[in-house]
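> what's the 3D shape of this:
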Amino acid sequence: MINFLITAIYIILIPIGLPNNHTITNAPGKIDSESGIIENPTINTCEFADTTVKFLWCANKYDEELQDTVNSIFINEDYCKTITDPERAALGFVATFIGNECWWDEEAKDDRSNLKCKILTALNLGYQCSDQHLGFLRKWFRKDKESIEKLEDCPTTPYTSTIQDTFEEIKLTVKENIISVSFIANGINLREQRKWSWSETDYFQFEDEQIRIIKVDKSEVKVEHFKFGE
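Alright, predicted model coming up:
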């Protein structure tokens with residue numbers, strides 16, 4: 001990972017498998033009999049089925065610009081077709097603070113308002129820290145004061161930054177009115193030649209058309225030093 005970051009300024013992520021299908025209840029639309037995916041549904045924000053789905057993973061792909069194979073983030077697009085707004089809010093909140101292949105849409109603006117991130121794009125939440133992004137989250141977390149305050153420090157960090165975190169895997173589980181987002185992430189500081197990794201599960205409670213964080217389980221952060229060229 002470190003060699004590729006130094007030469008190409010990308011984060012290399014670990015391949016972790018293929019996505020699972022996901023369905024929701026009470027959503028009109030055509031259902032694929034084989035996959036169970038509902039096509040073009042009306043999003044239902046009041047009821048959702050108990051489920052576990054792999055939302056994000058990493059796999060190798062060929063980069064034409066670099067002319068090399070790199071590890072890249074992939075997102076479960078089928079799941080995104082059926083996702084509910086509370087699930088979008090939970091994933092969007094977690095993704096706000098950890099990198100996910102974010103880069104400027106065309107030239108970077110002086111106010112850093114056109115940072116396009118892979119997860120927010122998949123969730124149809126616009127640019128990082130935009131009114132569309134933060135407005136949606138503020139609506140859904142309106143009764144969670146701590147989360148609202150955290151959104152005030154929304155970062156705009158492109159994937160070329162010297163210091164950054166990035167996802168390796170994200171899984172989402174729904175059980176009754178609890179949404180849990182479990183992820184593995186890593187980070188790097190090229191200047192200090194340090195890297196780190198951790199796992200975390202954030203628990204969100206959905207009720208009265210809003211969600212709030214009720215619990216965070218975070219592993220110990222494993223920190224390592226490296227030398228250029230290793």
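
> chain center to the top helix by length along the chain: distance?
If you go by DSSP state H, the chain has its longest helix at helix 85-96. Centroid separation for helix 85-96 versus its chain: 8 Å, with C-alpha atoms, centre = their mean, to the nearest Å.

> I'd like the next helix or strand past it.
strand 103-104 (DSSP states H and E).

> Name the nearest residue to the residue nearest to the spatial centre of the chain, sequence neighbours excluded.
Most central in the chain under C-alpha atoms, centre = their mean is Ala95, positioned 3.9 Å from the mean C-alpha point. Spatial nearest neighbour of Ala95, chain neighbours left out: Ile119 (4.0 Å); criterion: C-beta to C-beta, 6 or more residues apart in numbering. C-betas here are computed from N, CA, C, even on glycine.

> need the contact list for that neighbour.
Ile119 sits next to Leu56, Ile75, Leu91, Gly92, Ala95, Asn100, Phe167 when contact means C-beta atoms under 8 Å, 6 or more residues apart in numbering.

> Show the average pLDDT along the longest helix of the chain.
For helix 85-96, mean pLDDT rounds to 98.

> Just list what it packs against, helices and strands only.
helix 118-122, helix 131-140, helix 145-151, strand 163-175, strand 178-189, strand 194-207, strand 210-218 (3 or more C-beta pairs under 8 Å, 6 or more residues apart in numbering; DSSP states H and E).

> Now render these as TSV, adding mean pLDDT and distance to Asp105.
Putting the helices and strands packed on helix 85-96 into TSV (pLDDT from 0 to 100; distance: least, C-beta to C-beta, whole Å) gives the following:
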stretch	mean pLDDT	distance to Asp105
helix 118-122	97	10
helix 131-140	98	13
helix 145-151	97	21
strand 163-175	96	19
strand 178-189	97	24
strand 194-207	97	28
strand 210-218	97	28
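
> Now do Asn71, the pLDDT please.
Predicted confidence (pLDDT) for Asn71: 79.

> Also the one 3 residues further on?
Looking at Phe74, its pLDDT is 96.

> Could you do Gly36 as well?
Listed pLDDT for Gly36 reads 32.

> Restrict the longest helix of the chain to CA atoms and write it as CSV.
In CSV, the C-alpha atoms belonging to helix 85-96 read as follows (Å, rounded to 0.1, in the frame of the first residue of the first chain):
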residue,chain,number,x,y,z
ASP,A,85,-33.5,7.6,3.6
PRO,A,86,-32.5,6.6,7.2
GLU,A,87,-29.9,4.2,5.8
ARG,A,88,-28.6,7.0,3.5
ALA,A,89,-28.3,9.3,6.5
ALA,A,90,-26.4,6.7,8.5
LEU,A,91,-24.0,5.9,5.7
GLY,A,92,-23.7,9.5,4.7
PHE,A,93,-22.8,10.6,8.2
VAL,A,94,-20.1,8.0,8.5
ALA,A,95,-18.7,8.8,5.1
THR,A,96,-18.5,12.5,5.9
